[in-house]
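**Student:** sequence plus predicted model, see below.
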Amino acid sequence: MKKLILLILVLAVAGWAYLHFTSQPTPVVKPVETFSAERYMGTWYSVLRLPHRFERNLSNVTAEYKLNRNGSIHVVNRGYNQKKGEWSTATATAKAVPGMNAGFRVTFFWPFSGGYYVAELGSNYEYAVVVSDSKDYFWLLSRTPRPSQGLIDEVTARAYAWGYNIEQFERVEHGPINN
């Protein structure tokens, strides 16, 4: 019986590994062609997003990226949970997708990873639009917590053209923490 369970486990892991490592990324929007990882590093403020359980009730959300020596990126996402009255932090590692200048596989919990694609980028890296492999994920990131309403409107219009349900978009609050 133990051998059967071990065999099933080995086959399951092998199947997952085959699908994970041989499947091609399928970004909703083609990533930008010109991308400098070094310029992308630093702190970004989440401004606009689709709702997800892992960001529920979070305000003052930031993502900080640091380039590792091996070329991967250390990710720290942080936000304040209004209901719990405490900060929530999640760390991950992002690895470049071969053949994509602005495409990454991000792992918060091994062995699971997700697509992270920079679909739009300000000429001075002042904002970025991040999408994934499905229309369930969308973020507008900015170097400042409050970019112009004009930028938000332009990005929202493009998201609509890309097929996103913009009625579901949430603005991320940035401001004082009320305790």
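**Tutor:** Thanks, I have the structure now.
**Student:** from Asp153, how far out is the residue positioned nearest the centre of the chain?
**Tutor:** By CA atoms, centre = their mean, the mean C-alpha position of the chain lies nearest to Tyr116, the distance being 5.1 Å. Distance from Tyr116 to Asp153, counting by CB to CB, to the nearest Å: 24 Å. Glycine gets a C-beta too; all of them are placed from N, C-alpha and C.
**Student:** could you do Gly163 as well?
**Tutor:** Note on Gly163: its distance to Asp153, by CB to CB, is 18 Å.
**Student:** pLDDT below threshold where in the protein?
**Tutor:** Residues of the chain that meet the criterion pLDDT under 70 lie in 1-24, 178-179.
**Student:** how about the strands in the chain?
**Tutor:** Secondary structure of the chain (DSSP state E): strands at 42-49, 58-67, 73-81, 86-96, 103-109, 112-121, 127-131, 138-142, 170-171.
**Student:** nearest to Phe35, out of these?
**Tutor:** strand 112-121 (6.2 Å; CB to CB).
**Student:** pull out the buried positions in the closest one.
**Tutor:** Using 16 or more other CB atoms under 10 Å as the test for burial, strand 112-121 gives 113, 115-121.
**Student:** parallel or antiparallel, list what pairs with that strand.
**Tutor:** Using DSSP bridges, strand 112-121 pairs in its sheet with strand 103-109 (antiparallel), strand 127-131 (antiparallel).
**Student:** buried stuff in the last one?
**Tutor:** With burial defined by 16+ other CB under 10 Å, the residues of strand 127-131 counted as buried are 127-131.
**Student:** tell me what angle that strand forms with strand 42-49.
**Tutor:** Going by axes from the mean of the first three to the mean of the last three CA atoms, to 10 degrees, strand 127-131 is angled at 60 degrees with respect to strand 42-49.
**Student:** with the first one instead?
**Tutor:** Angle, strand 103-109 to strand 42-49, by the same axes, to 10 degrees: 90 degrees.
**Student:** please work out which residues outside strand 103-109 touch it.
**Tutor:** Contacts with strand 103-109, where a contact means CB atoms under 8 Å, 6 or more residues apart in numbering, come from 25, 27, 31, 73, 75, 90-97, 113-118.
**Student:** what angle sits between that strand and strand 73-81?
**Tutor:** Going by the same axes, to 10 degrees, strand 103-109 makes 60 degrees with strand 73-81.
**Student:** gap between strand 103-109 and the chain center?
**Tutor:** Averaging C-alpha positions (CA atoms, centre = their mean, to the nearest Å) puts strand 103-109 8 Å from its chain's average.
**Student:** picking that back up, is it true that the residue nearest to the centre of the chain touches Thr93?
**Tutor:** No: the pair Tyr116 and Thr93 fails to qualify as a contact (CB atoms under 8 Å) at a distance of 11.1 Å.
**Student:** circling back to that earlier point, if we compare the strands paired with strand 112-121, which one ends up closest to Leu50?
**Tutor:** Closest approach to Leu50 among the strands paired with strand 112-121 is made by strand 127-131 (10.0 Å; CB to CB).
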